[in-house]
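**Q** Provided below for reference: sequence and predicted model.
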Amino acid sequence: MQKISSISIELRDWIINTLKSGVNPESIVQGMIKKGFDQAFAYSTIISILNNQTVNTIDKEQTPFFYELPKIAKKGNIIRTSERDIKVLLKIDKPYILYLDNVLSYDECNQLIELSKNRLEPSQIIDTYSGERKLAPGRTSKGAYYKVNENNFISKIENRIAEITNHPIINGEGLQVLNYELGEEYKAHFDYFPSGQIQLENGGQRIATFLMYLNDVEEGGETIFPKIGLSIVPKKGTALYFHYGNNKGQVDRLSLHSSVPVTKGEKWVSTKWIREGMIIQ
């Protein structure tokens, strides 16, 4: 029997039950891709299951997630940086989420938007096999991508994020700015990498996301966490921090989230993904 890349028992059973219900394999593959799985991984998994090959399963996503307080949790309700005080507006323990005020000034939000307008391209995800960026179904925004410390302004923002989170800049991917126009969205997904697709030699697993809101959205565009019934309305200058990794190598499936369609106006955000180790830029 041939084995393919490791998958969770939950994913294997979902695929088998979905096939039994009459859904065609191509639709299942597209569903996996929308959830953030690599296309090659999705196809090889489906083919192996259809051919009754042995699929190596793992239990990390089946066992209860062990919650441990991230570094930022020790900072209290006012997080002081070298430049400004950040106020905690909302805190949730499971999954660990902080909604933060006064992260960026209005001028900084405007500057980041203007800096990004001329370098927008269709939004992409990282192919965890190659490390390259690629287009992803279900993500209809446009994005601008920056190298770590690309210029003084970007460095200023990255240093502030590092001070707020207590995660070093070298553990973070390059800043990206996203623009959602009318009707654009990012369907429900996880930010962490699927099991078996983690580049341990280059930063390893994503463990947290720092999402900054650069404008007020007239209607729609909320960030939704469907498993806990949380909806965050974008507010200019605020940020959302959510933590979904632990020292046991587990990931928190309660961190499933989406960006719902913008129904009036447009939406601008900036994202910083944080990994467990140093990234080779």
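**A** It's in.
**Q** all helices for the protein, in order.
**A** 9-20, 25-34, 39-50, 106-117, 152-165 (DSSP state H).
**Q** if you average pLDDT over each of those, which comes out lowest?
**A** Of all the helices of the chain, helix 9-20 carries the lowest average pLDDT, namely a mean of 77.
**Q** Restricting to C-alpha, output that one in CSV.
**A** Extracted as CSV, the C-alpha positions of helix 9-20 are listed here (Å, rounded to 0.1, in the frame of the first residue of the first chain):
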residue,chain,number,x,y,z
ILE,A,9,-8.5,11.7,10.9
GLU,A,10,-11.2,14.4,10.7
LEU,A,11,-10.3,15.4,7.2
ARG,A,12,-10.1,11.8,6.0
ASP,A,13,-13.5,11.0,7.4
TRP,A,14,-15.0,14.1,6.0
ILE,A,15,-13.7,13.3,2.5
ILE,A,16,-15.0,9.7,2.7
ASN,A,17,-18.4,10.7,4.0
THR,A,18,-18.7,13.5,1.4
LEU,A,19,-17.9,11.0,-1.4
LYS,A,20,-20.5,8.6,0.0
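**Q** could you check the angle helix 39-50 makes with it?
**A** Orientation check (axes from the mean of the first three to the mean of the last three CA atoms, to 10 degrees): helix 9-20 against helix 39-50 gives 70 degrees.
**Q** coming back round to it: with residue 204 as the reference, name the closest of the helices of the chain.
**A** helix 152-165 (16.6 Å; CB to CB). (C-beta placed from N, C-alpha, C; glycine too.)
**Q** if we can go back for a sec, and the helices of the chain: which comes nearest residue 210?
**A** Shortest distance between residue 210 and the helices of the chain, using CB to CB, is found for helix 152-165: 5.4 Å.
**Q** what packs against the closest one?
**A** Counting contacts by 3 or more CB pairs under 8 Å, 6 or more residues apart in numbering; DSSP states H and E, helix 152-165 packs against helix 106-117, strand 206-213, strand 267-275.
**Q** for the helices of the chain, which one sits closest to residue 96?
**A** Here helix 152-165 is closest among those (CB to CB), at 11.7 Å.
**Q** buried ones in the closest one?
**A** For helix 152-165, the neighbour count (16 or more other CB atoms under 10 Å) marks 154, 157-158, 160-165 as buried.
**Q** In contact with the most centrally placed residue in the chain: list those residues for me.
**A** Centroid-nearest residue in the chain: residue 191, 2.8 Å away (criterion: CA atoms, centre = their mean). Taking CB atoms under 8 Å, 6 or more residues apart in numbering as the criterion, residue 191 is in contact with 36, 206, 209, 244, 255, 257, 273.
**Q** what about 10 Å?
**A** If you count contacts by CB atoms under 10 Å, 6 or more residues apart in numbering, residue 191 has them with 36, 125, 206-209, 211, 242, 244-245, 251, 255-257, 271, 273-274.
**Q** Restricted to buried residues, select the residues you listed in PyMOL.
**A** Buried subset of those, written as a PyMOL selection, criterion 16+ other CB under 10 Å:
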select buried, resi 36+125+206+207+208+209+211+242+244+245+251+255+256+257+271+273+274
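**Q** Is the nearest residue to residue 167 once chain neighbours are set aside bridged to anything, and to what?
**A** What sits nearest to residue 167 in space, not counting adjacent residues and going by CB to CB, 6 or more residues apart in numbering, is residue 274, at 4.9 Å. On the basis of DSSP bridges, residue 274 is bridged to residue 172, residue 208.
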